[in-house]
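K.L.:
Sharing a model that was predicted from the sequence below.
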Amino acid sequence: MPRPMPVAACLALGLAAAMGCAGEARHGQDAPAAVRFQAIICETRLAADRIPALDAARLAQAPDLARALEELGKTRILYSVDQSVALAGDQINISKREPVVTASRVMEGGRAVNTVQYQQVGAIFKVAGRPAGPGRLDVDLSIETASLTDSSARISDGTIAPTIRSAVMSHKGPVDLGKPAVLLSADAASKDADGNAVAHVCRVLLTAPLR
């Protein structure tokens, strides 16, 4: 027959279990279920030999990302988001349909008639993460973007077709809350109408959830 456990031991085990549960509860309360997600995607056209100047660490700390990129080449802001995302997994979709002239012909009397199609462009942000220590998250981030840019592809006299450029950028690993990070996608062989390379630059910032 098993010997009864002393009352003091029972109390000690009970307190330990209670403290353990409380500790787990506190840990769960401290771990955010959502964070504020800020991101900006820029397109920069620069000479191919200037691509090495795209320094992610320097761009992450720049007070104005677009202005810092302008020092390297013509820059425009494509997309920008600022909202809460669930760490269990969230997705942000930005899209629009851009009209594109795909053909042009001259009718009797000299009137030009254009054929127009609509192209879907935009960005998709996929975010998931979990706490990885004080002020730090383990993040799985994927960004897909597509945009229209000028090209030298001539359809007919006076009509030049744009180029649809796309990029996929991702990060999987630790991220410090409140510290910006920059993702880059650049291809020296991807030339615009002026012969410049086209780079996509995305800066993201994760902070405490919006109140």
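P.N.:
Received it, and whenever you're ready, just let me know what you need.
K.L.:
hey, let's count contacts and neighbours off CA atoms from now on
P.N.:
OK.
K.L.:
before we move on, which element is the residue nearest to V198 when sequence neighbours are not counted in?
P.N.:
Distances taken as CA to CA, 6 or more residues apart in numbering put R45 closest to V198, at 4.6 Å, once the chain neighbours are dropped. Using DSSP states H and E, R45 falls within strand 34-46.
K.L.:
Parallel or antiparallel, list what pairs with that strand.
P.N.:
Strand pairing for strand 34-46, determined by DSSP bridges: strand 74-86 (antiparallel), strand 197-207 (antiparallel).
K.L.:
N196 and L46 touch, don't they?
P.N.:
Yes: counting by CA atoms under 8 Å, N196 touches L46, with 5.2 Å between them.
K.L.:
how near is D192 to Y118?
P.N.:
Here the criterion is CA to CA, to the nearest Å. By it, D192 lies 21 Å from Y118.
K.L.:
Tell me the pLDDT of A25.
P.N.:
A25 is assigned 38 on the pLDDT scale.
K.L.:
residue closest to the middle of the protein?
P.N.:
Centroid-nearest residue in the chain: I143, 4.4 Å away (criterion: CA atoms, centre = their mean).
K.L.:
who does it bridge with?
P.N.:
F125, M169.
K.L.:
Then V100?
P.N.:
Q117.
K.L.:
pLDDT weak spots in the protein?
P.N.:
Residues of the chain meeting the criterion pLDDT under 70: 1-31, 151-159, 210-211.
K.L.:
Mind doing that once more with 90?
P.N.:
Scanning the chain for pLDDT under 90 picks out 1-32, 96-120, 133, 148-165, 187-196, 208-211.
K.L.:
for this structure, what spans make up the strands?
P.N.:
34-46, 74-86, 90-106, 112-131, 136-156, 159-176, 181-191, 197-207 (DSSP state E).
K.L.:
who wins for proximity to P63 among those?
P.N.:
P63 sits nearest to strand 197-207 of all the strands of the chain, at 11.6 Å, using CA to CA.
K.L.:
still on that earlier bit, looking only at neighbour counts, state which of D192 and Y118 leads.
P.N.:
A direct count of neighbours by other CA atoms under 10 Å for D192 and Y118 places D192 higher, at 17 against 12.
K.L.:
about what we covered before: hey, which of the strands paired with strand 34-46 is tucked in deepest?
P.N.:
strand 197-207 (a mean of 23; mean count of other CA atoms under 10 Å).
K.L.:
How far away from the center of its chain is that one?
P.N.:
6 Å (CA atoms, centre = their mean, to the nearest Å).
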